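1. A predicted structure for the sequence below; I have some questions about it.
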2 protein chains.
Amino acid sequence: MRHARLPASEEIALEDVFHALSDPFRLEVVRRLATDGEQSCQALEGDRPKSSVSHHFRVLREAGLIRTRNEGVTRMNALRRDDIEQRFPGLLACVVPKQGD
Amino acid sequence: MRHARLPASEEIALEDVFHALSDPFRLEVVRRLATDGEQSCQALEGDRPKSSVSHHFRVLREAGLIRTRNEGVTRMNALRRDDIEQRFPGLLACVVPKQGD
DNA sequence: GCCAAAGTTCGAAAAATATCGAACTATCGA
DNA sequence: TCGATAGTTCGATATTTTTCGAACTTTGGC
């Protein structure tokens, strides 16, 4: 399996991040990754076909929001917390729900 | 001129805000409003036709990012700083360039 | 009242995204 | 090696956005 395109931290573009997060499904994925940590694709698919899920994960990956690594037959997706925080401090805090919201 | 639709602070949706900011022109408008304060539409149009500019201001307005008031024959647009800050603390700080960036 | 200026609205055409099935790839286990 | 599992890629269609001209609205000035 070819290595997926992944922008370096400095290459992450705000427009791309915003576009990636403007979709409800992708926003939810980011939130789940933030609260529950690394997840496989299927752990987050909500009865959607795999090709659709794969598309959304790709958008998140290319925007620089997540990183994917192979673990056996599955792929684990993790939020690029530190990279995002470094590039756009405070952004993740707006996305991840705080208690009492 | 009819009053433009404007969501209350609590109604501002993160997805809408992200979508609004995912366009380079709109992101630039928000930055200009943040740094230079209230502006007319034409002060920010970059050789684009008025209908296109008007469309983008409408997206920003409906997302809850700006407020528009009539001033004579022009309409002045202002960033809804306080409302956005209250609803999504820290978000604007990610958008507006800090010095040395 | 008439004209000009600043935006808005409408409608149609172009461009970008999303959706989903089918075929493909890679890895693990038997 | 043969399945089975987890994703990816491709291609086609549907939906959403963007773009832009033309017509319209509102306000101020003469």
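-> That came through, no problem.
2. and A:E62, how many neighbours?
-> For A:E62, the neighbour count with other C-beta atoms under 10 Å in any protein chain shown is 15. Any C-beta I mention is one placed from the backbone N, CA and C, and that applies to glycine too.
3. Tell me if I'm right that it and A:P7 touch.
-> Yes - using C-beta atoms under 8 Å, A:E62 makes contact with A:P7 at a distance of 7.2 Å.
4. Provide the partner residues of the most centrally placed residue in chain A in its beta bridges.
-> When chain A is reduced to its mean C-alpha position, the nearest residue by C-alpha atoms, centre = their mean turns out to be A:I66, at 3.8 Å. Bridge pairing for A:I66 (DSSP bridges) gives the partners A:L79.
5. any idea how far it lies from DNA strand C?
-> When distance is defined by C-beta to the nearest atom of the strand, to the nearest Å, A:I66 is 15 Å away from DNA strand C.
6. From B:R48, how far off is that residue?
-> Distance, A:I66 to B:R48, by C-beta to C-beta, to the nearest Å: 34 Å.
7. Likewise for A:A8?
-> Counting by C-beta to C-beta - A:A8 and B:R48 are separated by 32 Å.
8. what's the answer for A:F25, then?
-> Note on A:F25: its distance to B:R48, by C-beta to C-beta, is 32 Å.
9. repeat for A:R31
-> To B:R48, A:R31 is 35 Å away according to C-beta to C-beta.
10. okay, these two: which has more neighbours?
-> The neighbour comparison of A:R31 against B:R48 (other C-beta under 10 Å) goes to A:R31, with 16 against 13.
11. need the contact list for that one.
-> By C-beta atoms under 8 Å, 6 or more residues apart in numbering or on different chains, A:R31 lies in contact with A:V95, A:V96, A:P97.
12. number of nearby residues for the closest residue to A:L27 other than its chain neighbours?
-> When the adjacent residues along the chain are set aside, A:L27 lies closest to A:L21, with 5.2 Å between them (C-beta to C-beta, 6 or more residues apart in numbering or on different chains). As a burial measure, A:L21 scores 27 neighbours (other C-beta under 10 Å).
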